[in-house]
Each structure stands twice: as structure tokens, then as C-alpha cells.
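# Need the 3D shape of this:
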Amino acid sequence: MRAVFRLALLQARRDRGTLAAWILGIAGLGYAAATAVTTQFGEDNERAALISVAAASPAFLFLRGLPDGISSGAVTFFQGYSFTAVLAGLMSAFLVVRHTRGDEDQGRFELVGSTRVTRVSSLYATLLLGTCANVVLALAVAAGFIGAGLPAQGSFLAGMAVGAVGLFFMAAAALVAQAMPSARSANGTAAALVGAAYLVRGAGDALGTADQSLLHVTAAWPSLLSPIGWGQRIRPFTEADMLPLLVIGAGTAVLAGVAVALRRSRDLGASYIAANESGPDRAGAGLASMLGLAWRLQRGGLASWCIISAALGAVAGGLGPVVRDALEGNPSVAELMSRIVPGDAGLIDLFTTAMLGISGVLAAAAGVEAVLRLRAEEAEGRAELLLAVPASRLRWLGGTLAVAAITTTAVAASAGASAAVVLALSQAGGSGPGTVLAAALAHIPAALVFPAVTALVFALASRWSSAVGWGALAVALVLGQFGELLGLPTWLQDLSPFRHSSAMPVEAFDPEGALLMAVVAITASAAAARLVRERDLAA
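Sure, this is the predicted structure:
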């Protein structure tokens, strides 16, 4: 047991900066959301109007969660819980993979295993560290809510809901790390599980049933398939229910137990899902170029991102009839939505716009992940071998940037095409297939900014490329989703590239915004290409 504690302390020391940033960022977002609600929606009638509009719109329910009353705490939990839970899940998943499969890939486990420790000591240490991190996160979220003036009991329960989701994905990532053959594949799978939990919760909430007052919504059964959906059922600021915490805790214990059992029977470096190492003796003509090599290395990731994005588009199109029925069956819904939807846009178009906005975020994330392949190749020594042949660094960077641009475009297009086809088949109404596809493509210029900025940071200081790339995406998402709620200055909100995307089909296409984002992406890429030639390779 002493070895487990020492390993946990060592891992904590390595991650002290990263964990502090995650925890303070998530808690700070909760504090800001609570402060915004208490200041901007101080009166009951203002909060009631906000909740009524949200309860009447499947788009709001999908993005934010379940309305559950008009108290300041209930409105804050509705506005921010789903997003903070996703961040807690990602924090925990990346933490576990970094100290399990990541350390195996880097050879650190082999050094640790040569000492007098058991095979599962490092995994126990990682689970201990993840548990402590999520406990601190839960307390930090609660402290932020209390500091914003929310009730203490509800604040602690809300923090526990966020921390419990983090613990669940900690255990899920530990299991994934045993199954997948590399840290890269484990990170991608764990992040996909977090995203799937958000989407399943969103689908269940969008299909939920509102009461007569439009102040409470009961989720449909798909929400029960997601730990994030279970977490919001705690209802910390209304009728608190501890049963969902027990369900999430039981799931966490089962997943962690299976992960430990698999680690006991797995050899170091092995995996339960074998990597595909078969191939021809000689490379094809396409692999003679840096672009061809980058495409070969990343085509699997591209396919995965496109499948996820197409599933999101299918959900957007499949919920079209639900939105139509809600509009036709409740005339008050149309009256409420007419206050916030500009022009002649309908409720179905509003929902489609919101869903395709998420596809823009997915496209940006796919592009960032593609560029970060450069950092992995450099850190693991492959770049040094690759650049020993007659190949310039410019071609090395340019090939990866080209694949990142292709990935970003394909992910956005997949969501748009899927949504257009399903909406057309369901005959739910709304804009035509061409407009829906164009609405998805309108997010590409903004999404391309993120891989370009990540490449620029890689060229300047490669060690920071991952933190800055993902951090910039998270900050931009917060500014885009919560900027107005938090009462942030317009100039600060405009720093998010997503603010310059055209919200089609609700809004008309804005060529100036798209051109501005394209110029930013091209400029950052050009600067990265120049700088990468002037620095030494870093370990």
C-alpha cells in the first residue's frame, strides 16, 4: 500500500499544473454561471420566462439539460451542469490514460515494474489520484456555487453530481486503457465515450415531457443510458435524490474492478484489442510523400470522427418530427419561440442550427487532434528518424495541416449530409437539404482556426501545443455558449471563432465572418510553417 501512495504522489506531482488548471477552470465556470443567473435573472418572473422557453425547445433541452424549477440554484444547474460534467469526464479520462497506457508507451511502466511493486500498483495509484482529483473538483464546484450565493446543501450536491460523473469516466478510461493498443487510441475512445454520454443524455432530454407550467421537464428513457443523465436526476436544488449517486457509484466500482482484473492478466505493452500491424512488405507510391504518410497515419481517426459527426446529424434529423409535433400540439410554444427566433425561422430550423453548431465544435476538435500527431511523433523520436531522409520540415508540417483541413471539412460535411438526408426522409419540414448542408459547411472557416493555432504553438513551443490547442477550443466554446449569459463584453465574446460562424439556416450566411476566419487560419498556418524550420526538435 505504501508503494501505491508513493506512486500516486509521483503522478500528482507530474500533473499538479494540469489538474489545477482543469479544476480551477471548471469551478470558475460554475461560479461565473451562478453569478450570471443571480445578477441577470434576479426576479422569479425573469427566470420563469427563461425556463419556459427552454422547456418548449428541444434544442435547449439537448444542449443544456432538464429545467427543474425557477430558483437561482435550479436555473444555474440547468444552464451549466451538462457542460461541467463533460469537462469533468474529459479531465478524468485523460488523466487515467496518461498514467496508464501513456506511461506504458513511453517505457515508464517498465522502469516502475522493475522495482518491488505489484503489476496493478500503478493502476491503483492512478485510480487513487483520479478519485482525489474528483473529490477536490466536487468541493471546488460547491465552493463556487456557495460563493455566488446559492444554498450550501444544494451546492454540495451539485458538486457531487459533477464529481461523480468524473469518477465514472475515470473508471471507464481505466478499462479502455487495458483494451486499446496505444495511448492515442485510448484517449480517442475515452473522449468518444464522454461525447456519446452527452449526446445520449441530450437525445433523452430533447424527447422529454414538459409539465403544464413549462417549468419542469421529465427526461425520456435514453437519458438513463448516460451517467450525465443520471447525474442531473439528483436535482440538487429542488427535491434532492441520492439514488442517482448510488447508481453512478455502482457503475464506477464495476468498471474499476473489471479494469483491475484485466490489468492483472495482461502483459506489459499488450492489449485486448490488437493493433493492426499487418501490411505489404513495401510501401505504396502514395507513402512516398509527407502528405501520403500523414493521410495513412490519420485515416482511421478521420473515419471515427466522421462517424460520430454523422450520428450527431442523424440525431438532429431524427428529432425533427418531435420538434414539429411539439410546435403543432402546443400553440404557446410557437408564441414563446417567436420572441427569440429572428425573422421567419421556425423551431425546426432553430433546432437544426443548434445541433450543427455542435458539429462545428467536433470538426475543430478533429483538426486539433490531427495536428497534435506532430507532437507525438516528435516526443517519441519518430520525427527525428523521419526527417533524417531528404524531406523538409515544411513538407512534414504541411502534409499534416492538409490532412487536418480535410478532416475538419469532412467532419462538418458528414453532420450536414446526415442531417439533410434524415430530415428529408422524415418530412419534418424546415429548410431544404441544400440549406442544411450549407449550414454545416458554414462552420468550417471557424473550425480551421483551431488546428492552425495549434500548429503555430507547436512551431513555437511544442511542449505546450496540446494544452494550448485543447485549451483554446474549450475557452472558445465557453465564450460562444455562455458569453451572453455571463454578461461578458462583446469584444471578449468576439475572440471566439465560433462567434463569427453563420448560424444558418436561422441567419443568413455572413461572408465577412467566414473570410476573416479563413484569413486567421491561413496566417497562423503560414507563421507555423516559417517558424518550424527555425527551431530544433524537442523531446
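# hey, let's count contacts and neighbours off CA atoms from now on
Noted.
# what is the rounded mean pLDDT of the helix or strand hosting Leu127?
Here Leu127, judged by DSSP states H and E, is contained in helix 121-147. For helix 121-147, mean pLDDT rounds to 93.
# from what I can see Leu87 touches Ile26, true?
Yes: if you go by C-alpha atoms under 8 Å, Leu87 and Ile26 touch, sitting 7.1 Å apart.
# more neighbours, the two?
The neighbour comparison of Leu87 against Ile26 (other C-alpha atoms under 10 Å) goes to Ile26, with 25 against 21.
# which secondary element of this protein has the worst mean pLDDT?
One helix or strand of the chain scores below all others by mean pLDDT, DSSP states H and E: helix 331-337, with a mean of 54.
# Where does the prediction get shaky in this protein?
112-115, 275-288, 320-347, 390-391, 428-429, 485-486, 538-539 (pLDDT under 70).
# Look up how far Arg6 lies from the residue most central in space within it.
In the chain, the centroid-proximal residue (C-alpha atoms, centre = their mean) is Gly195; its distance is 5.9 Å. As judged by C-alpha to C-alpha, to the nearest Å, Gly195 and Arg6 stand 33 Å apart.
# now Ala314
Taken as C-alpha to C-alpha, the span from Ala314 to Arg6 is 48 Å.
# Looking at these two, which is more packed in?
A side-by-side neighbour count of Ala314 and Arg6, using other C-alpha under 10 Å, places Ala314 first with 22 against 13.
# Next, work out how far apart that one and Phe5 are.
Applying C-alpha to C-alpha, the value for Ala314 to Phe5 is 47 Å.
# Let me see the contact set for the nearest residue to Thr409 once chain neighbours are set aside.
In space, and not counting its chain neighbours, Thr409 is closest to Ile444: 6.1 Å by C-alpha to C-alpha, 6 or more residues apart in numbering. Contacts for Ile444 (C-alpha atoms under 8 Å, 6 or more residues apart in numbering) come out as 360, 363, 408-409, 412.
# tell me which strands and helices the longest helix along the chain is in contact with?
The single longest helix within the chain, with elements called by DSSP state H, is helix 2-40. For helix 2-40, the helices and strands in contact under the criterion 3 or more C-alpha pairs under 8 Å, 6 or more residues apart in numbering; DSSP states H and E are helix 72-99, helix 121-147.
# residues of that helix that come out buried?
Within helix 2-40, the residues that count as buried by 16 or more other C-alpha atoms under 10 Å are 3-5, 7-9, 11-12, 15, 19, 22-23, 25-38.
# And stretch 526-539, by the same measure?
Residues 527-529, 531-532 are the ones in stretch 526-539 that count as buried (16+ other C-alpha under 10 Å).
# List the contacts of Ala521.
Taking C-alpha under 8 Å, 6+ apart, one finds 445, 448-450, 452-453 in contact with Ala521.
# so where do the strands sit in the protein?
Using DSSP state E, the strands of the chain run over 209-210, 217-218.
# Can I get those in TSV including mean neighbour count?
Shown next, in TSV, are the strands of the chain (neighbours: other C-alpha atoms under 10 Å):
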stretch	mean neighbour count
strand 209-210	18
strand 217-218	22
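# got those as TSV, with distance to Ala259 columns?
Shown next, in TSV, are the strands of the chain (distance: least, C-alpha to C-alpha, whole Å):
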stretch	distance to Ala259
strand 209-210	37
strand 217-218	34
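# I'd like to know which of the ones you listed is closest to Val478.
strand 217-218 (24.8 Å; C-alpha to C-alpha).
# got the contact list for that closest one?
Applying C-alpha under 8 Å, 6+ apart, the contact partners of strand 217-218 are 55, 66-68, 205, 208-211.
# same deal with stretch 294-314?
Residues from elsewhere that reach stretch 294-314 (C-alpha under 8 Å, 6+ apart): 199, 287, 355-356, 359, 362-363, 366, 370, 399-400, 403, 407, 410-412, 414-420, 422.
# Now list the buried members of those.
Using 16+ other C-alpha under 10 Å, the buried ones in the contacts of stretch 294-314 are 199, 355-356, 359, 362-363, 366, 370, 399-400, 403, 407, 410-412, 414-420, 422.
# Contact partners for Leu246?
Leu246 touches nothing, counting by C-alpha under 8 Å, 6+ apart.
# now it: how far from Leu350?
Counting by C-alpha to C-alpha, the gap from Leu246 to Leu350 is 37 Å.
# Over to Ala191?
To Leu350, Ala191 is 27 Å away according to C-alpha to C-alpha.
# do Trp230 as well
27 Å.
# Arg201 and Gln232 touch, don't they?
No: with contact defined as C-alpha under 8 Å, Arg201 does not count as touching Gln232 (9.6 Å).
# Of those two, which one has the most company?
When neighbours are counted by other C-alpha under 10 Å, Arg201 and Gln232 differ, and Arg201 comes out ahead with 32 against 26.
# any idea what sits nearest that one, other than its immediate chain neighbours?
Arg201's closest residue in space is Ser223 (C-alpha to C-alpha, 6+ apart), at 4.4 Å.
# The one you found touches Leu207, doesn't it?
No: Ser223 is beyond contact range of Leu207, at 9.3 Å (criterion: C-alpha under 8 Å).
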